[in-house]
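> Sequence first, predicted model second:
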Amino acid sequence: MKKFLSLLLATLLVLSLAACGEKQQDHQGPQNPSQTIVPQDLVMGTGSTGGTYFALGGAMANAINDKLADKKITITAQSTGASVENMNLINAGEMDLGIAMNNVAANAFDGVGAFSSPVTNVSSIGVVYNEVYQIVANAATGAKNVEDLKGKKVAIGPAGSGTLGLSQKIFTAAGLDPNKDIQPQSDSFGDAATKMQDGHIDAACNVLAVPASSIIEMTTSMKLAYVNISDDILETLQATEPYFVRKVIPAGTYDGQTEDINTITCKAALYCRADLDEETVYQITKAFYESGDVIAAAHATGKEVQLEGCLEGITTPIHPGAARYYKEMGITVPDNG
């Protein structure tokens, strides 16, 4: 009898503990629902062929995909008109991620410049690299400064690109009407390079990494003149867009470049849909900044993909998923909301 009662009590105790455990689990729910990973096929906007965005964006997508293969998150890099178009496509939900100049992003959030109204569905992830505005001309033009391009056929950037907007501001700051005092061309930098070699245009502008592989390639088939951005032009730009700072490209960076080039730089950053779920953006941010070496092996600019300075120059709202990763890494996240 005692043995029976002992077994009965033991059984009741086990059932009671199990019931308590179930109630506690039901009460607590999932441990961290925000960390549920949803398989996704995402699209990232880059830029035109011949520019840094296009090649670098492909390397970024491949590296992130390798890191997140087990989580079934894949990114496809797609050619676009670059910064302006990327911001608009992300905002419209037609693209999930995109690279853009930080000054263009600031304009997008303010609804100024190339944007008729503020974007509402875009968030920042972080800095990709330093972008350098570069103007190269056929050496036969003898051009050394922006003013020397008056009357010339100049590829100032394709529609929908940050290069176009910046070129227009630079020529205006130099006292030249970009629609009248030069003959503006809307070719991508890759197409412009071909036309320069064929003698159909005189100069081309783009925002590129240094050294730019596309410019290096041009030097193998023609002699180039490297155009400077004066202090006066820079000061005029900084009055309304403080994102731009002086950049000096050392002599010898490119073939036939015997003197330093005085130009300007800003930041290229990665942006995403604001309504993209937190866990996906967290995983992408983590994979991106942990893949700098892999990206650098595919594209030289990848060496600039670093956590140090990852939020430098970012004045737009940071996605909660990206912010979560930065906080884990001990990085102060500014309140840009």
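It's in. None of these values were measured; they are calculated from a predicted model. Numbers count the residues shown, from 1 in each chain.

> is it true that residue 334 touches residue 323?
No: under the criterion of Cβ atoms under 8 Å, residue 334 lies out of contact with residue 323, with a separation of 9.6 Å. In this view, the C-beta of every residue, glycine as well, is placed from N, C-alpha and C.

> The closest residue to residue 181 other than its chain neighbours: neighbour count?
Distance criterion Cβ to Cβ, 6 or more residues apart in numbering; nearest residue to residue 181, sequence neighbours excluded, is residue 150 at 5.3 Å. Neighbourhood size, residue 150 [other Cβ atoms under 10 Å]: 15.

> what's the answer for residue 63, then?
Residue 63: 25 surrounding residues under other Cβ under 10 Å.

> contacting residues around the spatially closest residue to residue 40 that is not a sequence neighbour?
The spatially closest residue to residue 40, leaving aside those adjacent along the chain, is residue 73, at 5.3 Å (Cβ to Cβ, 6+ apart). The neighbourhood of residue 73, defined by Cβ atoms under 8 Å, 6 or more residues apart in numbering, consists of 37, 39, 40, 42, 64, 65, 280, 283, 284.

> and these, which are buried?
40, 42, 64, 65, 280, 283, 284 (16 or more other Cβ atoms under 10 Å).

> looking at it, the fourth one is touching residue 75, isn't it?
Yep, that's residue 65 we're talking about. Yes: with contact defined as Cβ under 8 Å, residue 65 and residue 75 form a contacting pair (5.9 Å).

> before we move on, the earlier item: and the furthest pair within the buried ones among the contacts of residue 73?
In those, two members sit farther apart than any others by Cβ to Cβ. They are 65 and 280, at 13.3 Å.

> burial count for the nearest residue to residue 146 once chain neighbours are set aside?
Spatial nearest neighbour of residue 146, chain neighbours left out: residue 174 (4.1 Å); criterion: Cβ to Cβ, 6+ apart. In terms of burial, residue 174 registers 20 neighbours under the definition other Cβ under 10 Å.

> Look up how far residue 214 lies from residue 174.
Between residue 174 and residue 214 the computed distance is 24 Å (Cβ to Cβ, to the nearest Å).

> what's the answer for residue 170, then?
When Cβ to Cβ is the yardstick, residue 170 and residue 214 sit 19 Å from each other.

> Excluding sequence neighbours, find me the nearest residue to residue 229.
Nearest-residue entry for residue 229: residue 263, 4.8 Å, with adjacent residues in sequence omitted and distances by Cβ to Cβ, 6+ apart.

> what about the one you found, neighbour count?
For residue 263, the neighbour count with other Cβ under 10 Å is 22.

> where's it, which helix or strand?
Counting by DSSP states H and E, the element that carries residue 263 is strand 261-273.

> Please enumerate the strands of this protein.
For the chain, strands defined by DSSP state E occupy the ranges 40-45, 73-78, 97-101, 122-138, 153-155, 183-185, 203-208, 224-227, 245-249, 261-273.

> Ok, which of those strands comes nearest residue 311?
strand 122-138 (6.2 Å).

> That closest one vs strand 261-273, what angle?
Following axes from the mean of the first three to the mean of the last three Cα atoms, to 10 degrees, one obtains 150 degrees for the angle between strand 122-138 and strand 261-273.

> Ignoring the adjacent residues along the chain, who's closest to residue 211?
For residue 211, ignoring the flanking residues on the chain, the nearest one in space by Cβ to Cβ, 6+ apart is residue 253 at 5.3 Å.

> Would you check that residue 288 makes contact with residue 281?
No: with contact defined as Cβ under 8 Å, residue 288 does not reach residue 281; the gap is 10.3 Å.

> What's the separation between residue 211 and residue 187?
Spatial separation of residue 211 from residue 187 under the definition Cβ to Cβ is 21 Å.

> Please apply the same query to residue 107.
The gap separating residue 107 from residue 187 is 23 Å, by Cβ to Cβ.

> before we move on, the earlier item: neighbour count for residue 211 and residue 187, which is higher?
Neighbour count, other Cβ under 10 Å: between residue 211 and residue 187, residue 187 has more, with 21 against 16.

> what about the nearest residue to that one once chain neighbours are set aside, distance to residue 303?
Leaving aside its chain neighbours, residue 187 sits nearest to residue 155 (4.5 Å; criterion: Cβ to Cβ, 6+ apart). From residue 155 across to residue 303, the span is 28 Å (Cβ to Cβ).
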